[in-house]
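J.: After the sequence you'll find the predicted model.
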Amino acid sequence: VVELVESGGTSVQSGGSLRISCEGLGLSYDQYCMGWSRVGADKWRVGVATITRDGVANYTDSVKGRFTISRDNAKNMLYLEMNNLRPEDTAMYFCAASAYYDCDPYNFWGQGTQVTVSG
């Protein structure tokens, strides 16, 4: 059984930083493209960042220069380092794994971790 477990979400002040994590169980990260998406108050799911099996990262425009996606295949861990957080970054953040090189489509999803930015 494959399981993705996100953690690290919390409430932070605007301008602050936070790192969220995603642990994978039942799969080997080195076989998958990994990504983060988020669902905000408008209920739309938006792709935030992806990282391919060989480490190529891509970001949606609104987070470029502020967020960094990284992976540790040996630990089956995915991270999203978020800096200079804004209230509009408030959302439930989900990690996902894709067997396709460019992360489309995703095969597995986590349950999400809530990030709330105030101020």
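T.: Thanks, I have the structure now. In this text the structure is predicted, and so the values were computed from the model without any measurement.
J.: Next, give phi and psi for N73.
T.: phi -60, psi -30 (degrees, to the nearest 10).
J.: Please disregard the earlier target; I meant P87.
T.: According to degrees, to the nearest 10, P87 has phi -60, psi -30.
J.: which non-adjacent residue is nearest the residue positioned nearest the centre of the chain?
T.: A centroid search over the chain (CA atoms, centre = their mean) returns W36, at 2.7 Å, as the residue closest to the centre. Nearest non-adjacent residue to W36, counting by CB to CB, 6 or more residues apart in numbering: V48, 4.5 Å away. Where you see a C-beta, it was placed from the backbone N, CA and C, and this is true even at glycine.
J.: Of all the residues in stretch 63-71, which ones are buried?
T.: Residues 63, 67-69, 71 are the ones in stretch 63-71 that count as buried (16 or more other CB atoms under 10 Å).
J.: Any chance you could list what contacts that stretch?
T.: 29, 34-36, 48-51, 55, 57, 59, 77-85, 89 (CB atoms under 8 Å, 6 or more residues apart in numbering).
J.: Recalculate using a threshold of 6 Å.
T.: 34, 48-49, 51, 57, 78-84 (CB atoms under 6 Å, 6 or more residues apart in numbering).
J.: Same check on stretch 14-21?
T.: Contacts of stretch 14-21 (CB under 6 Å, 6+ apart): 7-9, 12, 79-83, 85, 87, 93, 113, 117, 119.
J.: which of the residues you listed are buried?
T.: Counted by 16+ other CB under 10 Å, the contacts of stretch 14-21 give 9, 12, 79-80, 82, 85, 93, 113, 117 as buried.
J.: ok, so of those residues, who is nearest E23?
T.: Y79 (10.4 Å; CB to CB).
J.: and the buried residues of stretch 63-71, which two are the farthest apart?
T.: Of all pairs in the buried residues of stretch 63-71, the most separated under CB to CB is V63 and R71 at 16.8 Å.
J.: Please enumerate the helices of this protein.
T.: Using DSSP state H, no helices are found in the chain.
J.: the strands in it, which residues?
T.: 3-7, 11-13, 18-25, 33-39, 45-51, 57-59, 67-72, 77-82, 91-98, 108-109, 113-118 (DSSP state E).
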